[in-house]
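> I would like the atomic coordinates for the input below:
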Amino acid sequence: MKKTYSPRLTDIKRNWHLIDLKDKVLGRVATQIAQLLMGKNKPYFASHLDCGDWVVAANAGQIKVTGGKKAKKMYYRHSGFPGGFKEISLARQLQKDSRQVIRKAVAGMLPKNKLRQKRLARLKVFVDEKHPYEDKFKGEK
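Next comes the predicted model:
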């Protein structure tokens, strides 16, 4: 009789991934980042464990979108008070803080469960190529 393998927390190895967002399409790269954060690329993936890796996303200011999304796509929020409804277009948000665009896109693609915030904490987004995690990628390239 065979037993089903279930990984332990000690079996989980976290790697670092550097993703250059320059001229990449927002939705396509957000799905790749979400998969890395969940650990779906690992042979010992288990949905109830946080097996994901660290992801550093550089050049968030140079992300691309298709169609007319820059003008049409809107981000909404509400303060909870009367008249507290706010909206901002994708183009305006990219000018204001392009890192939030990436974070929101990736957050929308992660499962809505207790592991979501822990996974998002491992995502580091930077507007340009400079980031403080150079030492993690010394042996690569």
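> quick check: which element contains the residue most central in space within the chain?
For the chain, V106 is the residue whose C-alpha lies nearest the centre (C-alpha atoms, centre = their mean; 3.9 Å). For V106, the host element (DSSP states H and E) is helix 90-109.
> how about K86, secondary structure?
Using DSSP: H, G, I helix; E, B strand; the rest coil, the structure places K86 in strand.
> show me the beta-bridge partners of it.
Beta-bridge partners of K86, counted by DSSP bridges, are R77.
> surely it and M74 touch.
No - K86 is beyond contact range of M74, at 10.2 Å (criterion: C-beta atoms under 8 Å). For glycine as for every other residue, the C-beta is placed from the backbone atoms N, C-alpha and C.
> pull out the buried positions in stretch 130-140.
H131 (16 or more other C-beta atoms under 10 Å).
> show me the contact partners of it.
Residues outside stretch 130-140 that contact it (C-beta atoms under 8 Å, 6 or more residues apart in numbering) are 16, 18, 54, 56, 58, 124.
> so what's the first one up against?
Okay, so that is W16. Contacts for W16 (C-beta under 8 Å, 6+ apart) come out as 53-56, 133, 136-137.
> return the member of these nearest to T66.
V55 (22.5 Å; C-beta to C-beta).
> can you give me the strands in the chain?
Assigned strands in the chain, in chain order: 16-20, 54-58, 74-78, 85-89, 123-125 (criterion: DSSP state E).
> can you put these in TSV and add mean pLDDT and distance to V29?
As requested, these are exported to TSV (pLDDT from 0 to 100; distance: least, C-beta to C-beta, whole Å):
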stretch	mean pLDDT	distance to V29
strand 16-20	96	7
strand 54-58	97	8
strand 74-78	96	18
strand 85-89	97	20
strand 123-125	97	11
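> lovely, talk soon.
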